[in-house]
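Q: Model the following, please.
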Amino acid sequence: MQCAIPPATLVIASRESRLALWQAEHVGRALHKLYPSCDVKILGMTTRGDQILDRALSKVGGKGLFVKELENALTDGRADLAVHSLKDVPMTLPDGFALPVVLTREDPRDAFVSSQFTSLAQLPAGAVVGTSSLRRVAMLRSRYPHLVIKPLRGNLDTRLAKLDRGDYAAIILAAAGLKRLGLAARICTLLDPADSLPAPGQGALGIEIRASRADLHQWLAPLLDMRTALAVEAERAVSRALGGSCEVPLAAYAQWQGDVLQLRASVATPDGSRVLTAHGSAALTDTAGALALGLRVVQQLQAQGAMQIVQQLLDASRGGAA
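A: Residues are numbered from 1 along each chain as shown. Purely as a prediction, here's the structure:
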């Protein structure tokens, strides 16, 4: 239900990459449709995550580097809301912030992109594959040990440009970003989640606000897709319980089968030598049910030794930073 008094102006904080601005504009269009008289503006910002391109996220502070400046804009009143790719949002928000809205999910799968080959199976020994994700690195090393994996940072256009100039034989990207920017034709193959399980929240957009903004809670409520929100909540519960860190190759993907939510998750070592998997399902209708499902899957992973992997990786990361 909409507020009786519609908003006069709403300012959306966004990163300045082409994909981030598309996402903010997508939300802006939805808000303008709900509230035609509202003046919806976008405040473009450059985050630390956008500035540091020569090091892996796991080495420089993790996913929070993409959202901190946007949260500062919410705190000081320059913006009312921020739009995020949920896979880039830390699993625990700072005090005073909320994610009241998750929008309908785009394709959550990973995409294989290459100018020469049509699939990972076609790549010859020694071919260079680019990815910025430890999750994808572990998958590739486990399934395709003959390939060479090299880091790939930068926005979507930068990554594609590096591929096109021959720095990589292929790169792995999120399908959602390519589709949102009209670049679906660049996708050679969509990777089956059974082979490359997505990251928690992949393909989903979330709206962050200050928790005290009851007016925004009400204005934004019509944008909520509850089934996507519950699926993402289950996925993020897995990551949160296992540390929610960029240092850990972790995947979690929840999919609806009728009224039953099916959740699969995995934790791996970066070299792909050990991959733990777990799954669970439940008929649920609320956040509590999604959290409970996520924790049941976590317990399966813990029983297989997931926390030992997590602790070893965190210890190694701290040692490298010392």
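Q: Okay, and the residue nearest to Leu301 when sequence neighbours are not counted sits in which element?
A: Closest residue to Leu301 apart from its sequence neighbours, by C-beta to C-beta, 6 or more residues apart in numbering: Ala278 at 4.9 Å. Placement of C-beta: from N, CA and C, glycine included. Assigned by DSSP states H and E, Ala278 belongs to strand 275-283.
Q: Run through the strands of the stretch 151-300 of the chain in chain order.
A: Ranges of strands in the stretch 151-300 of the chain, per DSSP state E, counting those that start in this stretch, are 170-174, 189-190, 205-210, 250-257, 260-268, 275-283.
Q: ranking those by burial, who's on top?
A: Comparing the strands of the stretch 151-300 of the chain on average neighbours per residue, with mean count of other C-beta atoms under 10 Å, the densest one is strand 170-174 at a mean of 24.
Q: Show me what the helix or strand hosting Gln308 is packed up against.
A: If you go by DSSP H and E, Gln308 is part of helix 306-321. Taking 3 or more C-beta pairs under 8 Å, 6 or more residues apart in numbering; DSSP states H and E as contact, the helices and strands that helix 306-321 lies on are helix 57-60, strand 260-268.
Q: And the closest residue to Asp192 other than its chain neighbours, its phi and psi?
A: Once flanking residues are discounted, Asp192 sits nearest to Arg109: 7.5 Å by C-beta to C-beta, 6+ apart. Main-chain dihedrals, Arg109, degrees, to the nearest 10: phi -80, psi 160.
Q: if I look at Arg109, how far off is Pro124?
A: Distance of Arg109 to Pro124, computed by C-beta to C-beta, to the nearest Å: 24 Å.
Q: wait, what's in contact with Gly130?
A: Neighbouring residues of Gly130 by C-beta atoms under 8 Å, 6 or more residues apart in numbering: Ile149, Lys150, Pro151, Leu152, Arg159, Lys162, Leu163, Asp167, Tyr168, Ala170, Ile171, Ile172.
Q: wait, which of these is closest to Ala24?
A: Nearest to Ala24, judged by C-beta to C-beta, of these is Arg159 at 20.2 Å.
Q: Quick check on the nearest residue to the closest one once chain neighbours are set aside: phi, psi?
A: The shortest distance from Arg159 to any non-neighbouring residue, by C-beta to C-beta, 6+ apart, is to Leu152 (5.5 Å). Dihedral pair for Leu152: phi -140, psi 110, per degrees, to the nearest 10.
Q: Now Gln300. Nearest residue, chain neighbours left out?
A: Leaving out its chain neighbours, the residue that sits closest to Gln300 by C-beta to C-beta, 6+ apart is Ala278, at 3.5 Å.
Q: partners of the one you found in the sheet?
A: Following DSSP bridges, Ala278 is listed with bridge partners Ala265.
Q: pLDDT score assigned to it?
A: pLDDT for Ala278: 98.
Q: For it, give its distance to Ser17.
A: Applying C-beta to C-beta to Ala278 and Ser17 gives a distance of 34 Å.
Q: what comes into contact with the helix holding Gln308?
A: 58-59, 242-243, 245, 247-248, 267-270, 274, 276, 298.
Q: residue contacts, the residue nearest to Asp192?
A: When contacts are counted by C-beta under 8 Å, 6+ apart, Arg109 touches Ala175, Leu190, Leu191, Asp192, Pro193, Ser196, Pro198, Gly203.
Q: Now the buried members of those.
A: Using 16 or more other C-beta atoms under 10 Å as the burial test, these include Ala175, Leu191, Pro193, Ser196, Pro198, Gly203 as buried.
Q: Would you reformat the residues you listed as a markdown table and include pLDDT and distance to Ile209?
A: Formatted as a markdown table, the buried ones among the contacts of Arg109 follow (pLDDT from 0 to 100; distance: C-beta to C-beta, whole Å):
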| residue | pLDDT | distance to Ile209 |
| --- | --- | --- |
| Ala175 | 98 | 28 |
| Leu191 | 98 | 34 |
| Pro193 | 96 | 31 |
| Ser196 | 96 | 33 |
| Pro198 | 97 | 26 |
| Gly203 | 97 | 21 |
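Q: how about CSV for these, with distance to Val27 added?
A: Converted to CSV, those look like this (distance: C-beta to C-beta, whole Å):
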residue, distance to Val27
Ala175, 20
Leu191, 28
Pro193, 26
Ser196, 28
Pro198, 22
Gly203, 15
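Q: Between the residues you listed, which sits nearest Ala252?
A: Nearest to Ala252 among those, with distances taken as C-beta to C-beta, is Pro198, at 7.9 Å.
Q: check contacts around that closest one.
A: So Pro198 contacts Pro108, Arg109, Asp110, Ala174, Ala251, Ala252, Tyr253 (C-beta under 8 Å, 6+ apart).
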